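*Asks:* this is a predicted model, with the sequence first.
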Amino acid sequence: MRLSALAFMTEVGAEIFTKLLKSDYVVGGKSALFIGGQGSGKTSILWKFAVTKLSQGELVIVRERDIIQTHRIPGWEEKVKFFAYKKDKLRFVRTYGTMEEELNIKTTKYITTRDILKHLEVGKINAIIEPTTYKFPSWAIKDMRRRLEMEERDRENFDPNNRKSAYIWAEMLYTITHRHNTIFANLFLDELHEVFPQKAIGMQWYVNQWATFNFADLRKMNVNFFGATHNLGDIYYEMARRTNIIGYLRGAKMPPRLSRYEVYLRKPGKMILTEGGAYGLAYVQPFRTEKEKILIERKF
Ligand SMILES: Nc1ncnc2c1ncn2[C@@H]1O[C@H](COP(=O)(O)OP(=O)(O)OP(=O)(O)O)[C@@H](O)[C@H]1O
Ligand SMILES: [Mg+2]
């Protein structure tokens, strides 16, 4: 019997989907990127997968943003463990309409990603709030110099004192691939273009290169990587190229061979999943939408 094109697409989609969420010590870590327009469901997908990984007893680490996103996870008050940079003074504010209320949320303090690693908890969603500004510790700079095999002339724009909040994630790729255990870990980086931008000048360029080396080691060290962004072209191309599975959601610019399936992507959470040459359709149901917002206020 010949499968209809749509049934076939759904079957292949389900296959890739299952493979993505199943951990296998022989295969190792996998990487996935979700691409789509505003409101296409990217963040919802990341949090859904984070909860799945939590229930599988794996380590879960997410990039939290100043407009808190993890409160969309049902039961977040118990499930989420927040990490904050030791030098930062943060306030959590809950707001809905004109209501405004300060929340007393406990955070675990860190200075470098090694502190984060020590305090990660299995059974929690470890939500890392980025530092207001961040400079690499000297051991990270040393490893960068070593891996990039920089000669004098290459060092022109290399600036160890350059600061950026999102550098913490480049360092995390190093730290997590150098840990002394192999339980499956999952990194969820929303708005990935802010972390590893394709348009990179100065220090960010070196950081991207260094991160790409460690990105390639995630598989070997049983780390799954999930990223989300609007355009594939906004992510450092070496990293995009090394990603195993790409999910295209509504509004995503996609390879021409896939564009005829765009009609199936009208609803948020629907996507075309691709793995190498294979592609299929998949759908992730969202959590209920929270009307309340929780914001981080930084004292400068
Ligand atoms: N699978 C889904 N089915 C129905 N509605 C969904 C689904 N996923 C998300 N939504 C709804 O769509 C809205 C946007 O979802 P989400 O925040 O996940 O999108 P996003 O792609 O991350 O957007 P942005 O680019 O603005 O960050 C939310 O209100 C959410 O409830
Ligand atoms: Mg989002």
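*Replies:* All right, it came through fine. Ligands and ions are numbered 1, 2, ... in the order given.
*Asks:* count the neighbours of the residue in the chain positioned nearest to ligand 1 for me.
*Replies:* Distances between the chain and ligand 1 by Cβ to the nearest ligand atom are smallest at G269, namely 2.0 Å. (Each C-beta comes from the backbone N, C-alpha and C, glycine too.) G269: 19 surrounding residues under other Cβ atoms under 10 Å.
*Asks:* for it, give me the pLDDT.
*Replies:* Note on G269: pLDDT of 96.
*Asks:* what's across from R91 in the sheet?
*Replies:* E297 (DSSP bridges).
*Asks:* who touches the spatially closest residue to the residue of the chain closest to ligand 1 that is not a sequence neighbour in this structure?
*Replies:* With sequence-adjacent residues excluded and distances taken as Cβ to Cβ, 6 or more residues apart in numbering, G269 is closest to G41, at 4.1 Å. G41 makes contact with 249-250, 268-271, 284, 286 under the criterion Cβ atoms under 8 Å, 6 or more residues apart in numbering.
*Asks:* hmm, E290 is touching P74, no?
*Replies:* No - look at E290 against P74 with Cβ atoms under 8 Å: they stay out of range, at 9.7 Å.
*Asks:* generate a ChimeraX selection restricted to the buried subset of the contacts of G41.
*Replies:* In ChimeraX syntax, the buried subset of these is picked out as below (16 or more other Cβ atoms under 10 Å):
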select :249,250,268,269,270,271,284
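*Asks:* before we move on, what SS does S165 have?
*Replies:* Secondary structure, DSSP: H, G, I helix; E, B strand; the rest coil: S165 is coil.
*Asks:* how about the closest residue to it other than its chain neighbours, what does it touch?
*Replies:* Sequence neighbours aside, E130 is the residue nearest to S165 in space, at 4.0 Å (criterion: Cβ to Cβ, 6+ apart). Taking Cβ under 8 Å, 6+ apart as the contact definition, E130 lies against 63-65, 85, 165-166, 168.
*Asks:* need the residues you listed in CSV with pLDDT and distance to ligand 2, can you?
*Replies:* Listed next are these as CSV, based on pLDDT from 0 to 100; distance: Cβ to the ion, whole Å:
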residue, pLDDT, distance to ligand 2
R63, 98, 11
E64, 97, 12
R65, 93, 9
Y85, 98, 23
S165, 97, 18
A166, 98, 16
I168, 98, 19
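*Asks:* so which residues on this structure come close to ligand 1?
*Replies:* Listed as neighbours of ligand 1 in the chain under the rule Cβ under 6 Å from any ligand atom: 36, 38-44, 267-269, 284-286, 289.
*Asks:* from the residues you listed, which two are the most distant?
*Replies:* Spanning the widest gap among these are Q38 and Q285, at 19.5 Å by Cβ to Cβ.
*Asks:* remind me, longest helix of the protein?
*Replies:* Taking DSSP state H as the criterion, the chain has its longest helix at helix 5-21.
*Asks:* tell me which helix or strand comes right after it.
*Replies:* Remark: after helix 5-21, the chain's next helix or strand is strand 31-35, criterion DSSP states H and E.
*Asks:* pairing partners for that following strand, with directions?
*Replies:* When DSSP bridges is applied, strand 31-35 pairs with strand 223-229 (parallel), strand 245-248 (parallel).
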